[in-house]
Structure formats: C-alpha cells, structure tokens
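>>> okay, predicted coordinates and the sequence, questions at the end:
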Amino acid sequence: MTPVIDATKTWRLVEERLGRETSPRKRQILANVLAHMKAEAVPDLDGLMETLGEHPEYHFWGPAGDTGPKGRQAVRDFYTAFANSGATNLELDVERLVVDDDCVVLEGVMRIIYPGATLNAMGRTVDDPSGFYLYQDRMVVFWPYDADGRLIGEDSYVSADGFADMRKLSPDELPASLRSSLR
C-alpha cells in the first residue's frame, strides 16, 4: 500500500499554473502561495511568516463557526502549535485553482495525519494514543492578497467535521518518516 499523504499534491496545480502564467501580478501571488505551501510542509515558521502581510486574519469556517487566528502574533502562535502538534503531514489534493489579481482560490480534499496523542490532547478519544489517524474533509480556501503581493489572510471552508469519520492508519499507509517512529 502507498502512503495516504502526498504533500506535493498541495502545490502541484499551483506550480503548473505558475509555469504558464504571463501576468506579472498573478505570477507574484502564485509564487507567494507556493512559498507559503512549501514552508507549511516543512514546517518553516519564518518562511511562513514571510509570505504574510502585516495584519493577517485567518477565518476557518466549519461546523463550530470561525476558529481562525487574527493578527500577526496569533497567526505565528497558530503555526507554532501546528508544528508542535506532530500533525504536519498533510495534503490538500487540489482539484481546482482560480487566480485573479487579488486572490487565489483552491478547492480539493484535505487530508491530515494526526498522532493519537495529539487527538487526545485536543479532547478527542482514540483507541491507540501511539497510533496515527486520518482526518479528511472537502475544503475550499481563499487566499486574499495585498498590493505588495503578501497574504492578508486565509479563509477556509470545510464541508463537514473531518474528525467525525477518522480512522486509524496502518503502518504501510504512513509516510516513511512516521513509519520509522513506530519502531
């Protein structure tokens, strides 16, 4: 079996579009969103923050309403917690990309591998705290930009509660980096 996460799917369509885009403004914001995606995959906190404008506001819309961080420090704290959570193995399998001079829109299926211990810390009960679980949900993300080509926020919408139908992953479904942590 192959791993359930392929991070390169997150930026595949962005790279393809950037490769054929002729508008300097659209190239600028596509390059920024690509840098943001790749920094998130590492994760590289400084690289992420470099892609943002001075006063970013995130809106994460789902069943609980808006849960996104507002302001530069809150966004930094969000990404720090993200990096520390161990849930950094993710992909947004982008099926549709739309770009204009002020926004990039992505639609696809978000998949995140969560450590069982992280889920327990979030108040979600799992059978095996040492195991890994798959979060999956359909998502649309709007990435608005300022005049300088920096992200002013991230507005994401999910179709359901991806935590509701999580399943434990077998070792052969995990990326090599997580398989080695099972030994």
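Looks like it came in fine.

>>> who's in contact with the lengthiest helix in the chain?
Longest helix of the chain, by residue count under DSSP state H: helix 24-41. With C-beta atoms under 8 Å, 6 or more residues apart in numbering as the contact definition, helix 24-41 has outside contacts at 7, 10-11, 14-15, 17-18, 21, 44-45, 47-48, 50-51, 79, 88, 90, 99-101, 103-104, 143, 145, 149-151. (Each C-beta comes from the backbone N, C-alpha and C, glycine too.)

>>> quick check on residue 81: phi, psi?
phi -60, psi -40 (degrees, to the nearest 10).

>>> meant to ask about residue 171
phi -60, psi -40.

>>> now residue 113, which residues is it bridged with?
Following DSSP bridges, residue 113 is listed with bridge partners residue 89, residue 134.

>>> of the contacts of helix 24-41, which belong to helices?
Those of the contacts of helix 24-41 lying in helices (DSSP H): 10-11, 14-15, 17-18, 45, 47-48, 50, 79.

>>> what's the angle from the longest helix of the chain to helix 8-20?
160 degrees (axes from the mean of the first three to the mean of the last three C-alpha atoms, to 10 degrees).

>>> roughly how far is helix 24-41 from the heart of the chain?
Averaging C-alpha positions (C-alpha atoms, centre = their mean, to the nearest Å) puts helix 24-41 13 Å from its chain's average.
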